[in-house]
Structures are given as structure tokens and as C-alpha cells.
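K.L.:
What shape does this take:
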Amino acid sequence: MSRMAAKDRREELIAAGFRVMIRDGVTKATTRAIVNEANMPLGVFHYCFKSREELLQEVLTRFTDSTVAAARKTFEGEGDLGSRITKSLSAFWGTVELSPGEHQVSYELTHYALRQAGFEDLARRQYQHYREVHQELLEEAAKGADIEWTVPVPVLARYLNAVLDGVTLNWLVDRDSEHSREVLKLTGDHLLTLARERPRPAAEPSPATAEPSPAS
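P.N.:
Reported below is the predicted structural model:
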């Protein structure tokens, strides 16, 4: 094995862990399976990570960060509210169909974290991060379109996260892309019904039109 810096070994083990989980599932991603995938001796793993759980935590964090980065990128640029929502949902769905294994692993890791004592907070932080990003993007969209949402933005962010989560899991089960895209279109149409024009502040009268004050 060629010489490699510790941080590079760590990155390679994370990538190898992800590949094993996509191919064989989280339960079969043992320490030995991961080092074999990375073509490294077992001792290197324990030099880079305190435990298998630490690597799994890093994989889940990386997936969450990449998903969030993709969501932010789709909101860059111009367009009205409808086109930005459509573009964002379409871009999200593209990542699901392109990398179904990664999304399946994220669900497995979430359930794994919830069942492992001391790791429950990892799953909570994962979904909290998703909701925070949805909320931020909804607020940016409202500002850009000069509208306001008719329901509290935290509720709308949770709603959007729940829909995307559900449609993704359904698709992983039945691979029905046509109806999944219809659900996303329905979601986008529904979001538009929850937007209204932002109220304008009442204009103050100009000095020329203001009523004259009584003579003193």
C-alpha cells in the first residue's frame, strides 16, 4: 500500500464505507468489510476512527451536507416563484433517480442512529438541518418574489420535508417515476396557493398634499 496522509486515508475509508453500504446495506458494513473495500489493513481503520459508529456518523453527515448543498444551488439565479419552485423540486428529484443507493443508505443510517443509544441526536440533527435549509430557501423565495407565506414558515418547511421524504421512500419501493413526478408537481402547485402578495406599507402624505395646519 502506497504512503498516504492520515486525512487522505480517512477520506478513502469514508468513501469505501459509503460504497459498501450502498452495495450491501448498513448492517453488512463491518469494519473489516470497509477496510477490505479500501484495500487497507485493519489497523489503519482504528488509527483514523475511534469506532465504526464514528465512520457511520461521518457518512450520514456528508450525505446530509451534499443534499443541502444541492438544494441551495437550485435556488441560485433568477425566475418567478413558480419557476424557482419547479426548478428546485426537479433538481431534487434528479438526485434521487441518479443516486437511489445513497438515499436508501441515508434512511438506513437514520433508523440505525435512532436505535443506537447515544446516537439518537445524530438523526435529530440530520432532520433539523433539512428543515432549517427548507425554511431558509422558502424565506429567500418569498423575499425574491415579494410575497409572504400564509402559514408559518417553520410549519411549511416541515411539510415540504415530509413530502420529499415520503415521495422518495415510495419511489425507492416501487420506482414509479411518473407518479412521483406528479406528486412533486402537485406539491409545487400547492405551495403557490400558500403565497400571497406582501402588504404594502401605507404611504405617508407628501408635504405638498398634506392638509395645512390651523393658523396660530
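K.L.:
same for whichever strand or helix holds E11, what does it pack against?
P.N.:
Here E11, judged by DSSP states H and E, is contained in helix 6-24. Contacts defined by 3 or more Cβ pairs under 8 Å, 6 or more residues apart in numbering; DSSP states H and E place helix 6-24 against helix 31-38, helix 42-48, helix 52-74, helix 100-115. Quick note: C-beta positions are derived from backbone N, CA and C, even for glycine.
K.L.:
Just the mean pLDDT for the third one, thanks.
P.N.:
In other words, helix 52-74. Helix 52-74 shows a mean pLDDT of 81.
K.L.:
and that helix, what other elements does it pack with?
P.N.:
helix 6-24, helix 31-38, helix 81-98, helix 100-115, helix 120-145.
K.L.:
picking up where we left off before, with just CA atoms, put the helix holding E11 into PDB.
P.N.:
Presented in PDB, the C-alpha positions along helix 6-24 are these (Å, rounded to 0.1, in the frame of the first residue of the first chain):
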ATOM      1  CA  ALA A   6      -3.900  10.300   7.600                       C
ATOM      2  CA  LYS A   7      -6.600  12.700   6.300                       C
ATOM      3  CA  ASP A   8      -6.500  11.000   2.900                       C
ATOM      4  CA  ARG A   9      -6.800   7.600   4.400                       C
ATOM      5  CA  ARG A  10      -9.700   8.800   6.400                       C
ATOM      6  CA  GLU A  11     -11.400  10.200   3.300                       C
ATOM      7  CA  GLU A  12     -10.800   6.900   1.400                       C
ATOM      8  CA  LEU A  13     -12.300   4.900   4.300                       C
ATOM      9  CA  ILE A  14     -15.400   7.100   4.300                       C
ATOM     10  CA  ALA A  15     -15.800   6.700   0.600                       C
ATOM     11  CA  ALA A  16     -15.300   2.900   0.900                       C
ATOM     12  CA  GLY A  17     -17.800   2.700   3.800                       C
ATOM     13  CA  PHE A  18     -20.400   4.500   1.600                       C
ATOM     14  CA  ARG A  19     -19.700   2.100  -1.300                       C
ATOM     15  CA  VAL A  20     -20.200  -1.000   1.000                       C
ATOM     16  CA  MET A  21     -23.400   0.400   2.400                       C
ATOM     17  CA  ILE A  22     -24.800   1.200  -1.000                       C
ATOM     18  CA  ARG A  23     -24.000  -2.300  -2.300                       C
ATOM     19  CA  ASP A  24     -24.600  -4.400   0.800                       C
END
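K.L.:
What residues of that helix count as buried?
P.N.:
R9, R10, E12, L13, I14, A16, G17, F18, R19, V20, M21, I22 (16 or more other Cβ atoms under 10 Å).
K.L.:
Stretch 86-103 now?
P.N.:
T86, K87, S88, L89, F92, W93, T95, V96, E102, H103.
K.L.:
what's the farthest-apart pair in those residues?
P.N.:
T86 and E102 (23.5 Å; Cβ to Cβ).
K.L.:
and the nearest residue to L164 once chain neighbours are set aside, what is it in contact with?
P.N.:
Distances taken as Cβ to Cβ, 6 or more residues apart in numbering put F92 closest to L164, at 6.4 Å, once the chain neighbours are dropped. Remark: with contacts taken as Cβ atoms under 8 Å, 6 or more residues apart in numbering, F92 is in contact with A70, A71, T74, L164, L184.
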